[in-house]
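Peer 1: Sequence below, structure please.
(one chain, ligands or ions: 3)
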Amino acid sequence: MPKGHIIKAYAGHYFVSHGDSLVDCRIRGRLRKEDKDVLVGDIVSFTVTDSDGEYGVIEDVLPRKTRLLRPLVANVDQAVIIMACHEPPPDFELLDRMLATVEANSLDITICLNKIDLVSRYAADKLAKPYRDAGYEVIKVSARAGWGITRLRKALSDRLSVFAGPSGVGKSALLNALEPGLRLQTGEVSARTGRGRHTTRHSILLRIEPSGYVADTPGFSKLDLDTIDSRSLGYLFREFRKAMEACKFTTCLHHKEPHCGVKEAVEAGQIDEFRYNHYVKLLLEIVERERRRGR
Ligand SMILES: Nc1nc2c(ncn2[C@@H]2O[C@H](COP(=O)(O)OP(=O)(O)O)[C@@H](O)[C@H]2O)c(=O)[nH]1
Ligand SMILES: [Mg+2]
Ligand SMILES: [Zn+2]
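Peer 2: Ligands and ions are numbered 1, 2, ... in the order given. Just a heads-up that it's a prediction; the model follows:
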């Protein structure tokens, strides 16, 4: 039985990509009765119901690797977090918050530093350094000048990604640079305009040649730390993991505790001080929430 990815869905139609074609599928009644939700991103097996191979029926949904809430997409492999070097100025506190949230979702992460045409090469490298040192892949790009697009394309291949990042950093411009045929709107226009306020809308997966998919809706817009507890926050800062082994107390939160491996690494210049300060800020938010809930 053929298998494929659902790349868009509406009004009971599920469009399954199969080779170079899209098959317009309905869901087998049995699956509907089991109340199994079927999401964009799901890999399904289907049978073709016409001689041209245009229509089909979804017979089964294969087990999911992940299920993301924003956007509601199954089997996302990677978050590409996009920041601009300039206009808007990079917000590293937000970046560190996003990184922690994505780490908590166990996705692969690529950081994409856009608009490098607006700053010197030295300045762009300086912005990237703490994140490279922490173990992240940072790709420097310019959607406008077309720089770095080949590397970004490579980072997207063979997997399903969501773009994340504040408004104005160039998410739509980068998708257009990757696939000019998409002609996504860039600039002031919000992606929300023209959409009913109360209609739930499925995301669409955009095909990025040669073998990638990106959800058309950016993810992780609302960055609450509700599901992260104070004990696990340190693990969501990649470069802390090794340093934590030297903490004297297994309950160390790397804040006020003595003999803390993380703080020692900060003092020794092995962990970026700004990253650490953002960690403390997030930690205090989480501790406050836990206190309010009486834990
Ligand atoms: N100079 C420069 N401007 C860019 C670049 N990428 C995007 N922009 C501009 O930044 C603005 C916001 O881009 P957009 O793609 O709409 O951002 P989004 O909100 O993240 O989707 C637009 O005016 C783009 O033309 C870039 O690489 N260099
Ligand atoms: Mg946009
Ligand atoms: Zn510690």
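
Peer 1: Return the list of helices and strands in contact with the worst-scoring helix or strand of the chain on mean pLDDT.
Peer 2: Across the helices and strands of the chain, mean confidence by mean pLDDT, DSSP states H and E is lowest for helix 29-33: a mean of 83. Based on contacts counted as 3 or more C-beta pairs under 8 Å, 6 or more residues apart in numbering; DSSP states H and E, the elements that helix 29-33 packs against are strand 55-61. Using the backbone N, CA and C atoms, a C-beta is placed for each residue, glycine as well.

Peer 1: Return the list of strands paired to the first helix or strand past the strand it packs on going along the chain, each annotated with direction.
Peer 2: Next in sequence after strand 55-61, counting helices and strands by DSSP states H and E, comes strand 67-68. Strands that pair with strand 67-68, judged by DSSP bridges, come out as strand 73-74 (antiparallel).

Peer 1: Name the surrounding residues that touch the strand it pairs with.
Peer 2: Residues from elsewhere that reach strand 73-74, judged by C-beta atoms under 8 Å, 6 or more residues apart in numbering: 39-42, 64-68, 160, 162, 203, 205, 215, 219.

Peer 1: pLDDT on that strand, on average?
Peer 2: What strand 73-74 shows for mean pLDDT is 94.

Peer 1: Could you point out the helix or strand that follows it?
Peer 2: Counting by DSSP H and E, what follows strand 73-74 is strand 78-84.

Peer 1: quick one: the very next helix or strand once past that following strand to strand 78-84, angle?
Peer 2: Downstream of strand 78-84, the next assigned helix or strand under DSSP H and E is helix 92-104. Here helix 92-104 runs at an angle of 180 degrees relative to strand 78-84 (axes from the mean of the first three to the mean of the last three C-alpha atoms, to 10 degrees).

Peer 1: on contacts alone, who are the packing partners of helix 92-104?
Peer 2: Counting contacts by 3+ C-beta pairs under 8 Å, 6+ apart, helix 92-104 packs against strand 78-84, strand 108-114, helix 273-292.

Peer 1: if we go to 6 Å?
Peer 2: If you count contacts as 3 or more C-beta pairs under 6 Å, 6 or more residues apart in numbering; DSSP states H and E, helix 92-104 packs onto strand 78-84, helix 273-292.

Peer 1: where does this protein have low pLDDT?
Peer 2: Scanning the chain with the threshold set as pLDDT under 70 gives 188-201, 222-224, 295.

Peer 1: Go again with 80.
Peer 2: Low-confidence segments of the chain, defined by pLDDT under 80: 33-36, 188-202, 220-225, 295.

Peer 1: For the helices and strands packed on helix 92-104, give me a markdown table that also has mean neighbour count and distance to ligand 1.
Peer 2: Putting these into a markdown table (neighbours: other C-beta atoms under 10 Å; distance: least, C-beta to the nearest ligand atom, whole Å) gives the following:
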| stretch | mean neighbour count | distance to ligand 1 |
| --- | --- | --- |
| strand 78-84 | 25 | 7 |
| helix 273-292 | 16 | 22 |
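
Peer 1: and the chain, which of its residues are near ligand 3?
Peer 2: Selection of the chain residues close to ligand 3 by C-beta under 5 Å from the ion yields 247, 252, 254, 260, 262.

Peer 1: So which of those residues belong to helices?
Peer 2: Among the residues of the chain next to ligand 3, the residues falling in helices (DSSP state H) are residue 262.

Peer 1: Who wins on neighbours among the residues of the chain next to ligand 3?
Peer 2: With neighbours set by other C-beta atoms under 10 Å, the maximum within the residues of the chain next to ligand 3 is found at residue 262, which has 26 neighbours.

Peer 1: do you know how far that residue is from residue 241?
Peer 2: 10 Å (C-beta to C-beta, to the nearest Å).

Peer 1: Next: residue 63.
Peer 2: 29 Å.

Peer 1: Same check on residue 228?
Peer 2: From residue 228 to residue 241 the distance is 15 Å (C-beta to C-beta).

Peer 1: Now a ChimeraX select for only the buried ones of the contacts of strand 73-74.
Peer 2: Only the buried entries of the contacts of strand 73-74 go into this ChimeraX selection, using 16 or more other C-beta atoms under 10 Å:
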select :39,40,41,42,68,160,162,203,205,215,219
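
Peer 1: Report how many residues lie close to the residue lying closest to residue 82 once chain neighbours are set aside.
Peer 2: Of all residues not flanking residue 82 in the chain, residue 165 sits nearest, at 3.6 Å (C-beta to C-beta, 6 or more residues apart in numbering). Counted by other C-beta under 10 Å, the residues lying close to residue 165 total 27.

Peer 1: Identify the residues contacting residue 165.
Peer 2: 81-82, 171 (C-beta atoms under 6 Å, 6 or more residues apart in numbering).
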